[in-house]
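Chemist: Sharing a model that was predicted from the sequence below.
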Amino acid sequence: AQSVTQLGSHVSVSEGALVLLRCNYSSSVPPYLFWYVQYPNQGLQLLLKYTTGATLVKGINGFEAEFKKSETSFHLTKPSAHMSDAAEYFCAVLGERGYQKVTFGTGTKLQVIP
Amino acid sequence: KAGVTQTPRYLIKTRGQQVTLSCSPISGHRSVSWYQQTPGQGLQFLFEYFSETQRNKGNFPGRFSGRQFSNSRSEMNVSTLELGDSALYLCASSLDRAPETQYFGPGTRLLVL
């Protein structure tokens, strides 16, 4: 079984401030982990993913995430928020090999205050 | 390369009717997955098709079904619609199985009255 918990359904940051979106996962096998972004009335876009290897993963738009097995976490960060980062962010886990049956978290809406 | 396309983008149906949604994956992609997104339940996996075969299925009733054609295009069908089926239905395609990146379409927003 696999699950994802995103802490905070809404997060507000000032423009230029650090963005930190939290994600904890549960998986019975070494997981694949993903962060997606969704803008209003659009589908999901992959920001970054962790499969194996380096635990610090860099993605698009300046985002990065670190896989911490001991903490079962995969938090998303960005050093400096831009107005265009305002969107909903989803953390996801895939624990079953060979399939695309991804389990998503409930999402975190990021508000960027000018 | 064209992205994932879904048709129609918006749909209004009444309870008891059935609906068919279509998804055209990115050229060359053989895996197509469907997800339901609602405010209450979030994003939930419906099923995945690969080379015309259903490879995995989520926890949805049998009213939800799908298929994939030889050109990888996929359709999902919901019969006997209920108010709770109102949702954004997202399709995603990938080259193959995980951890290949899934590319999502814009979704079909279904409203059941």
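Modeler: Received it, and whenever you're ready, just let me know what you need.
Chemist: excluding its backbone neighbours, what's nearest residue A:73?
Modeler: Leaving out its chain neighbours, the residue that sits closest to residue A:73 by Cβ to Cβ, 6 or more residues apart in numbering or on different chains is residue A:24, at 5.2 Å. C-beta coordinates here come from the backbone N, C-alpha and C atoms, glycine included.
Chemist: can you pull the contacts of residue A:85?
Modeler: Neighbour list for residue A:85: A:19, A:61, A:78, A:110, A:112 [criterion: Cβ atoms under 8 Å, 6 or more residues apart in numbering or on different chains].
Chemist: burial of the residue lying closest to residue B:69 once chain neighbours are set aside, as a residue count?
Modeler: Closest residue to residue B:69 apart from its sequence neighbours, by Cβ to Cβ, 6+ apart: residue B:52 at 6.9 Å. Using other Cβ atoms under 10 Å in any protein chain shown, residue B:52 has 13 neighbouring residues.
Chemist: ok, is stretch B:27-35 in contact with chain A or not?
Modeler: Yes. Contact of stretch B:27-35 with chain A (Cβ under 8 Å from any Cβ of the partner chain) involves B:31, B:33, B:35.
Chemist: What about the last one, how many residues nearby?
Modeler: Think residue B:35. Neighbour tally, residue B:35, other Cβ under 10 Å: 25.
Chemist: Could you list the low-pLDDT ranges of chain B?
Modeler: B:98 (pLDDT under 70).
Chemist: center of it, which residue is that?
Modeler: residue B:34 (3.3 Å; Cα atoms, centre = their mean).
Chemist: Turn the contacts of residue A:85 into TSV, including distance to residue B:15.
Modeler: Formatted as TSV, the contacts of residue A:85 follow (distance: Cβ to Cβ, whole Å):
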residue	distance to residue B:15
A:19	42
A:61	42
A:78	44
A:110	36
A:112	40
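Chemist: Okay, and which of these map to strands?
Modeler: Those of these mapping onto strands are A:19, A:78, A:110, A:112, per DSSP state E.
Chemist: Count the residues that sit near the closest residue to the first one other than its chain neighbours.
Modeler: In this structure, residue A:19 finds its nearest non-sequential neighbour in residue A:78, 4.1 Å apart by Cβ to Cβ, 6+ apart. A count of nearby residues for residue A:78, using other Cβ under 10 Å, gives 21.
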